[in-house]
Structures are given as C-alpha cells and as structure tokens.
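Undergrad: my questions are about this predicted structure, shown below with the sequence.
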Amino acid sequence: MLATSSCHSTSQLPAQTLQHPQARELLRTWRHSQEEDQGAVQVYRPATYAFPPARGREGYTFAAGGQLTKLAIAPTDGTLPLPGHWRWVNARALHLTFGDSSQQDARLEVLELSPDVLKIKVLEPR
C-alpha cells in the first residue's frame, strides 16, 4: 500500500520515479542558466557547466527515490538548500513538493532533457 501526506489519490502516483525513460538523465544538480531563458522557457545546465559570473544561481538537485533539493539564493548570495520531493506526472511533466511552507508546490513541463540541458516551463505553482 502506498501512503502519502498529500491529497493525491494513489492512482495518480507513478509506481516509481525511475520508470520514466529519461529519469536517469534528470538525476543530477541543475543550475538555472537565466541568460539562455526564452520567454516562459527556463534553461538549466549541469552544475559543472562553465556559467558566466552571477550573484547566485538557483537550481535543483534531483535524486533517486524522488528526493529533491531546491537550491534557492540565500540573502548573502550563497545557496539555500530546501528539501522536497519530485515525481513524474506523465511523460512530460514533473510535480515538485516542498515541506517548507515558504515554497509552493509546482508542476513543470519538461520541454527538453539531455545530459547537457534541461528546459522547462512552469505549468502551475500551487
């Protein structure tokens, strides 16, 4: 039996986060490359990417088992890690949830995912 603290029924939850065909490509730390954004499309690059200087970069670390760390910008321009969870909603959408009440849950459309780039569009912050 699958138990969850959210209001989603078990029929809406995927069996495992790693069953998605691109799940393994998602599992890494991604940093926002805001210089490459195009309108509502946000571009993320692996943390090892040679970014131009910035006063801080938001990002995400997606780990196996649905573990997520949102990398927010701290008041001192450093990184503020915020724990959460991720899951595939369907073939192109991710649902992110956070235990911190300062962070809203989000649904992201994955437009492109490869070892070098993650392009997303925020569908709904909740």
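TA: The structure has been received and is ready for your questions.
Undergrad: could you list the low-confidence segments of this protein?
TA: Low-confidence segments of the chain (pLDDT under 70): 1-19, 126.
Undergrad: which residue is nearest the centroid of it?
TA: Closest residue to the average C-alpha location of the chain: Y60 at 5.1 Å, with CA atoms, centre = their mean.
Undergrad: part of a helix, is that residue?
TA: No - counting by DSSP: H, G, I helix; E, B strand; the rest coil, Y60 is not found in a helix; it is strand.
Undergrad: beta partners of it?
TA: Y60 forms beta bridges with W30, K70, as assigned by DSSP bridges.
Undergrad: same check, this time on H85
TA: Using DSSP bridges, the beta-bridge partners of H85 come out as Q67, T97.
Undergrad: number of residues surrounding it?
TA: With neighbours defined by other CB atoms under 10 Å, the count for H85 comes to 19. All C-beta atoms are positioned from the backbone trio N, CA, C, and that covers glycine.
Undergrad: pretty sure the residue nearest to the centre of the chain contacts L71?
TA: Yes - contact criterion CB atoms under 8 Å: Y60 and L71 qualify, at 6.5 Å.
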